[in-house]
Each structure stands twice: as structure tokens, then as C-alpha cells.
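Undergrad: attaching a predicted model along with its sequence, questions to come.
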Amino acid sequence: MIVVAALYQFAKFPDYMNQQAPLIAFCKTHGVKGTILLAEEGINGTIAGTREGIDAVVAYLKAIGLFDNLEYKESSAPTMPFMRLKIKLKKEIVTLGAPAADPLQMVGTYVQPKDWNDLISRPDVITIDTRNDYEVMIGSFKNAVNPQTDSFREFVKYTEENLMDHKEKPIAMYCTGGIRCERSTAYLKALGFNEVYHLKGGILKYLEEVPAEQSMWQGECFVFDQRVAVKHGLEFGTHDLCHGCRMPVSTNDKLSPHYLEGVHCHHCHNTYGAQHYERVGERQKQIQLAKKRGRKHIGERAETRGFFVKSS
């Protein structure tokens, strides 16, 4: 069984550029794959490997001396969910593009998963999903607002156009693993919002700790690896990816006349030109041939839309 670890921490990390090469070497030595973002403001990533490999990398990060308070979550996968290892240097470990949104200066009030239902059930609370539209599409909390953003950067515009008249209202925000809310709550606090909350550990921690029979979560949670989505208990969800557009597709979506496995779905069936569909159609043929021969084809495990580009 493969261990999948999601981690992040905001911390002053002036030596981050010099840490890239040794961290790459250490992860490769221990067979760990995935993506880690390094920036002057901290670290963010999701990695996968054996129990021993993940433990070794986490110990390595903590030995740097800056990451003793990692926000850390684990789940599992039957096979390696990443094709390769990428350690990237970034300006921000989660990109909002608003300099005032500094989680090292201030953040919203953390709410533990066990207390989240009570908060978002209050009639005076505005609950906002800070994830992107393709993530919200497959699952969200009951009565949560979908800002309908294609990237986290668009949350700034959404706030300016929709929230500025509600500074006195309690705002509760959530995301996949918690990091986007570190930034978004810091942003709202910098703008003068009085009462801002966020779900500690994000949806993943909620699905891990809150029993399904008590849950206010509806649907599945998009994740940034080849599992595509998870549900309560962090068990595998039912969604796959359209290899044509990298959007999540449900079992019902596959019943659409516009769905052709590996080629297009109802999101993209008339979006691209003939050359694109010929190319992905040929890739799908090669995948099927590889399966018949008992082999894996690299196209079968191509990285999905947004994995680690739009951070969790």
C-alpha cells in the first residue's frame, strides 16, 4: 500500500532555493514522488511513497528546523498515484496575487472538523467554498456559496464584487486541505472583515474525522492526484478524468452520448478541433493495446488538470 501525504506550512524560509537540489536527491533516494512547492513563505505539497519513504522525507523536512508545525494529512492508494517527482521554486506556495494576504501576519479563526457543522448551520454565517469551479462541481458543503472561479487568483475579484458589503457578517471558508483558506482568511482580515473562520485541515480532515451519518458534506472531494476524488473515510471516490479536457467525470456523466472514453466528455465534446481529437483518440488506442498486453501506457497516468498548479 502506498502512503499519500499532503503537507504545508507557512514559515519564513529564506534558504528555500538552496534546499531544492538536496530535497530532490533525498526524495529520489527514498522512492518518493509527487510535487512540493518551496517559497520564501514556506512549503506546500503532496507526495507518495512507502511508509518508510514518507517518514524519511517528513523527518528530513522537520530537521531543516522551520517546519515543526506542518499541517499534515495521510491517506493511501493501492499504487503510486504520481508519475514523477517535482520540487518547484515559487513566489507563493499558494497563489492569490494579493500581497496583503500574509498568513504569517494574521489568519482567520481555525474551526475543528467536529465543530464545523454547528458553525455553518448558523443562519447568520456565509459559508464560502474557496476552491475552483471544477472541484466544487463534484462536491461541496450544504448551502455553501460557489464563487465560480477558474483559478484561486479570481477570488480577489469575487471578494471585491460580492463580499465587501458583508464585512460585519461571519464568513466561514473551506478548501481541500486548508492552505487556500490560510491565504483567503488572511486576505479578508486585511480588508477589515471582522469575523472570519476556516475549516482546520480542510475537507480532507473533515471527511477523515466526521462520521458519514453526521456529515453535511455532499458528493465527493476532488484531490490532486490520480485518485481523482475521495469520499468519507478518505476512501476512493467514483469519479474519473476525461483525458480530453482533464475534467472530472462521474458514472452518470459517462452515460452521456458525448462521452467517449479517453477522448471527450460532455464538457469538451465540441470544444477542440479535429486534430486534437485524433491525437487523444490515438493515445486511447495505445492505452487499450497496452492493457491487453498487460502493460501500462504513460498516457494512462498523465497528470490531471490543475494538479499542483492550482494548490489545495
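TA: In hand now; what should we look at? Residues are numbered from 1 along each chain as shown.
Undergrad: domain parsing for the protein?
TA: Listed by automatic domain parsing, the domain ranges of the chain are 2-89, 109-219, 239-301.
Undergrad: which one of these lies nearest to residue 233?
TA: Comparison of the domains of the chain against residue 233 by C-beta to C-beta identifies domain 109-219 as nearest, at 7.0 Å. Just so you know, the C-beta spots here come from the backbone N, C-alpha and C atoms, and that holds for glycine as well.
Undergrad: start and end of that closest one, how far apart?
TA: Using C-alpha to C-alpha, to the nearest Å, the end-to-end distance of domain 109-219 comes to 26 Å.
Undergrad: could you do stretch 111-131 as well?
TA: Stretch 111-131 end-to-end distance (C-alpha to C-alpha) = 18 Å.
Undergrad: give me the buried positions along that stretch.
TA: 111, 113, 116, 117, 120, 125, 126, 127, 128, 129, 130, 131 (16 or more other C-beta atoms under 10 Å).
Undergrad: tabulate those residues in CSV, adding columns for distance to residue 165, secondary structure and pLDDT.
TA: CSV is the format used below for those (distance: C-beta to C-beta, whole Å; DSSP: H, G, I helix; E, B strand; the rest coil; pLDDT from 0 to 100):
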residue, distance to residue 165, secondary structure, pLDDT
111, 24, strand, 98
113, 30, helix, 98
116, 25, helix, 98
117, 27, helix, 98
120, 21, helix, 98
125, 16, coil, 98
126, 11, strand, 98
127, 17, strand, 98
128, 14, strand, 98
129, 20, strand, 98
130, 19, coil, 97
131, 23, coil, 97
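Undergrad: could you pull out the helices for the chain?
TA: Secondary structure of the chain, counting by DSSP state H: helices at 16-29, 51-63, 113-120, 133-136, 155-162, 179-190, 202-209, 274-292.
Undergrad: show the average pLDDT along stretch 49-58.
TA: The average pLDDT within stretch 49-58 is 98.
Undergrad: likewise stretch 237-245?
TA: Looking at stretch 237-245 alone, the average pLDDT works out to 86.
Undergrad: first-to-last residue distance for it?
TA: End-to-end distance (C-alpha to C-alpha), stretch 237-245: 19 Å.
Undergrad: tally of neighbours for residue 104?
TA: By other C-beta atoms under 10 Å, 12 other residues sit near residue 104.
Undergrad: show me the contacts for the nearest residue to it once chain neighbours are set aside.
TA: The spatially closest residue to residue 104, leaving aside those adjacent along the chain, is residue 10, at 5.4 Å (C-beta to C-beta, 6 or more residues apart in numbering). Counting by C-beta atoms under 8 Å, 6 or more residues apart in numbering, residue 10 makes contact with 41, 42, 93, 103, 104, 182.
Undergrad: which intervals of the stretch 201-312 of the chain have sub-threshold pLDDT?
TA: Along the stretch 201-312 of the chain, the model assigns pLDDT under 70 to residues 295-312.
Undergrad: and residue 141, bridged to which residues?
TA: Beta-bridge partners for residue 141, by DSSP bridges, are residue 217.
Undergrad: from residue 37, how far off is residue 44?
TA: To residue 37, residue 44 is 5 Å away according to C-beta to C-beta, to the nearest Å.
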